[in-house]
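> Below is the structure, and that's it, no one-letter string:
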């Protein structure tokens, strides 16, 4: 595909910078309301030129530049697995860019063919539908940082996610961006245009803030038992060294004993893949963890690797979490196997995992069970790594009776990029959507607690050994979002399909007239 037209290069570059700046680690909430205005301007230009095909080209390069800026850390992360990291990064942002091109083409076609439907409706529907699609692409799903998540640093404005979810916030922000453009651009009757478009934007912001203040005053927050988080800060590859792996487990146990000196913990959490191997190969690790739980009378949740054999030469392995009760028992509890796998890294797309038995790469199996464990005065559901970006699991856990969430992760492969901050920001929306507290244990940081209002506390620094002890705050409110599910996502997909049907019918009528 040839490059973008010269007139579009400036808006594309500005749009990429603006979108990247709207997400962590930058704390610029106002950016969310203008971050995609360059995309709106580019679409308006294509409509004026009556060029839907050109709009796809412009949209592709807008998406390519924007995702390249937001996801630059993928090169750092994938480098741990392959020297072809740049190709993995390129493939990811190219896929996202293709969706962006489709979005531009679709909106422009709608405006040219069905001009009665305003841009302030078509654009938010299309943007939100594409965001939905990115989270429902099977083995290549990657719903990282929806537009709604950009307001994770403005929690007051997203408390209404307990009604409409993060996707509802996305739709709102996309609408605001269109209204800002259309309110500021007109030359004739400018004052009236500003009033008609910017005043509604301001009104919705005030309404969102008002709801947020009311929710913060009225939500019944309660404290459960004391929870300890262990952040061992093991190097990404070093802990898999056979000469070092015993010391990894020894270190976890030592840090845990220091953390629970007075025996007051209701739950102890170790991060994703904290155990550097299979228990079947290292039964002494299993025994040591059980002994710690039994002696301290504290349940332990740890990340590790699980394996299921289907015959002498057939097996599946999983990125998993294991639960030990306060008596040191693990066998009575189902193992949680990760459901949503990182494309390529954990699962090569569309290939049966048993074809790929390269250790730690590409062939992980998908989990099927959703166990809910009892500890720390409540019931908990588990999210491993980037499962925090998916809204379905927390919602299902709440319906199954969970009182809080545990997110275990290993962000060491991100290095000191913006990815750890981006990753942690998803939990703000998950906590608000379900009104559940979250305990997050990360190998190298950020480990933290998040209360049901999305407020993080006791957050650790990156790249340090750390332990954290605190009460987990949660609520027992069942939100409308939990009851109804992702109703905004469903509606925008239906609307987008309806618009597509109108375009098909219009095209068919045009050809018949010829």
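Sure, I can see it. From a predicted model like this one, the values you see are computed outputs, not experimental measurements.

> isn't residue 177 right up against residue 40?
Yes - Residue 177 is in contact with residue 40 according to Cβ atoms under 8 Å; the separation is 5.7 Å. C-beta coordinates here come from the backbone N, C-alpha and C atoms, glycine included.

> Overlap of the contact sets of these two?
residue 123 (Cβ atoms under 8 Å, 6 or more residues apart in numbering).

> any weak-confidence spans in the stretch 251-400 of the chain?
Within the stretch 251-400 of the chain, the stretches with pLDDT under 70 are 261-262, 353-362.

> Chain neighbours aside, what residue packs nearest to residue 330?
Among residues not flanking residue 330 along the chain, residue 324 sits closest, at 4.9 Å (Cβ to Cβ, 6 or more residues apart in numbering).

> just the strands in this protein please.
222-231, 267-269, 300-311, 314-324, 336-337, 373-375, 378-384, 404-409, 437-442, 448-450, 456-457, 466-474 (DSSP state E).

> Same list (those strands) but as TSV, adding distance to residue 4 and mean neighbour count.
Listed next are the strands of the chain as TSV, based on distance: least, Cβ to Cβ, whole Å; neighbours: other Cβ atoms under 10 Å:
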stretch	distance to residue 4	mean neighbour count
strand 222-231	44	22
strand 267-269	47	29
strand 300-311	43	18
strand 314-324	39	21
strand 336-337	43	24
strand 373-375	51	21
strand 378-384	38	25
strand 404-409	36	28
strand 437-442	38	28
strand 448-450	40	25
strand 456-457	39	16
strand 466-474	45	21
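
> looking at it, residue 310 is touching residue 316, isn't it?
Yes - between residue 310 and residue 316 there is a contact under Cβ under 8 Å: 7.3 Å.

> Residue 449 pairs with what?
residue 439, residue 457 (DSSP bridges).

> separation between the residue nearest to residue 330 and residue 494?
To residue 494, residue 324 is 45 Å away according to Cβ to Cβ, to the nearest Å.

> burial count for residue 216?
Residues near residue 216, counting by other Cβ atoms under 10 Å, number 15.

> Who are the contact partners of the closest residue to it other than its chain neighbours?
In space, and not counting its chain neighbours, residue 216 is closest to residue 453: 5.8 Å by Cβ to Cβ, 6+ apart. Neighbour list for residue 453: 155, 159, 215, 216, 219, 221, 431, 432 [criterion: Cβ under 8 Å, 6+ apart].

> what residue ranges in the chain score low on pLDDT?
In the predicted model, the chain carries pLDDT under 70 at residues 1, 80-85, 186-194, 261-262, 353-362, 512-514.

> Okay, helices next: where are they in it?
Using DSSP state H, the helices of the chain run over 6-21, 37-49, 52-70, 73-78, 85-113, 119-134, 161-184, 190-218, 245-259, 283-296, 392-399, 419-434, 480-484, 487-513.

> which ones are touching the residue nearest to residue 330?
289, 290, 293, 299, 300, 301, 302, 330.

> In a markdown table: these, plus distance to residue 119.
A markdown table is the format used below for these (distance: Cβ to Cβ, whole Å):
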| residue | distance to residue 119 |
| --- | --- |
| 289 | 57 |
| 290 | 61 |
| 293 | 58 |
| 299 | 54 |
| 300 | 54 |
| 301 | 48 |
| 302 | 51 |
| 330 | 56 |
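
> Of the residues you listed, just say which sits nearest to residue 117.
Closest to residue 117 out of the contacts of residue 324 is residue 301 (49.8 Å), distances taken as Cβ to Cβ.

> and that closest one, what are its bridge partners?
Counting by DSSP bridges, residue 301 forms beta bridges with residue 269, residue 323.

> Break this structure down into its domains, please.
For the chain, the structural domains run 6-218+488-513, 222-476, going by automatic domain parsing.

> among the contacts of residue 324, which two are most distant?
It's 290 and 301 that sit farthest apart of these, by Cβ to Cβ, at 13.3 Å.

> Could you identify which of the helices of the chain is most buried?
Among those, ranked by average contacts under mean count of other Cβ atoms under 10 Å, first place goes to helix 419-434 (a mean of 26).

> Does anything pack onto it? Which helices or strands?
helix 73-78, helix 161-184, helix 392-399, strand 404-409, strand 437-442, strand 448-450, strand 456-457, helix 480-484 (3 or more Cβ pairs under 8 Å, 6 or more residues apart in numbering; DSSP states H and E).

> Apart from its chain neighbours, what residue comes closest to residue 178?
residue 120 (4.6 Å).

> Surely that neighbour is in contact with residue 182?
Yes - look at residue 120 against residue 182 with Cβ under 8 Å: they come within range, at 7.0 Å.

> coming back round to it: nearest to residue 18, of the contacts of residue 324?
Of those, the one sitting nearest to residue 18 (Cβ to Cβ) turns out to be residue 301, at 39.7 Å.

> Dihedrals phi and psi, residue 370?
Residue 370 adopts backbone torsions of phi -130, psi 80, taken as degrees, to the nearest 10.

> and the residue nearest the centre of the chain, what is it in contact with?
Compute the mean C-alpha point of the chain, and by Cα atoms, centre = their mean the closest residue is residue 389, 1.9 Å away. Applying Cβ under 8 Å, 6+ apart to residue 389 gives the contacts 135, 143, 144, 145, 426.

> which of those residues lies closest to residue 335?
Using Cβ to Cβ, the contacts of residue 389 come closest to residue 335 at residue 426, 23.9 Å.

> Look up the closest residue to that closest one, ignoring the ones flanking it.
In space, residue 426 is closest to residue 388, 4.3 Å off (Cβ to Cβ, 6+ apart).

> Wait, the one you found touches residue 429, no?
No - with contact defined as Cβ under 8 Å, residue 388 does not count as touching residue 429 (9.1 Å).

> Residue 19: what's it in contact with?
Neighbours of residue 19 in contact, by Cβ under 8 Å, 6+ apart: 35, 36, 66, 69, 70.

> show me the contacts for the closest residue to residue 70 other than its chain neighbours.
Of all residues beyond its chain neighbours, the one nearest residue 70 is residue 20 (5.0 Å), with distances taken as Cβ to Cβ, 6+ apart. Neighbouring residues of residue 20 by Cβ under 8 Å, 6+ apart: 26, 66, 69, 70.

> Looking at the residues you listed, which is nearest residue 208?
Distances from residue 208 to the contacts of residue 20, taken by Cβ to Cβ, are shortest for residue 26, at 20.5 Å.

> That closest one: how many residues sit nearby?
The burial count for residue 26: 14, using other Cβ under 10 Å.

> cool, residue 298 as well?
27.

> I'd like to know how far it sits from residue 289.
Counting by Cβ to Cβ, the gap from residue 298 to residue 289 is 11 Å.

> one step back: residue 473 is nearest to which of the helices of the chain?
Nearest to residue 473, of the helices of the chain and by Cβ to Cβ, is helix 419-434 at 9.8 Å.

> Kindly provide the distance from the residue nearest to residue 104 when sequence neighbours are not counted to residue 12.
Excluding the flanking residues, the one nearest residue 104 by Cβ to Cβ, 6+ apart is residue 59, at 2.6 Å. For residue 59, the distance to residue 12 (Cβ to Cβ) stands at 10 Å.

> Over to residue 128?
Residue 128 is 21 Å from residue 12, by Cβ to Cβ.

> And for residue 112?
22 Å.

> ok, residue 303 - contacts?
So residue 303 contacts 270-275, 319-322, 384, 408, 410 (Cβ under 8 Å, 6+ apart).

> What residue, apart from its backbone neighbours, is nearest it spatially?
Using Cβ to Cβ, 6+ apart, the nearest residue to residue 303 is residue 272, at 3.9 Å.

> Pretty sure residue 305 is one of the things that neighbour touches, is it not?
No - using Cβ under 8 Å, residue 272 makes no contact with residue 305, being 10.5 Å away.

> Distance to residue 503 for the strands of the chain - can I get that in CSV?
Shown next, in CSV, are these (distance: least, Cβ to Cβ, whole Å):
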stretch, distance to residue 503
strand 222-231, 51
strand 267-269, 50
strand 300-311, 47
strand 314-324, 42
strand 336-337, 42
strand 373-375, 49
strand 378-384, 39
strand 404-409, 41
strand 437-442, 42
strand 448-450, 42
strand 456-457, 44
strand 466-474, 46
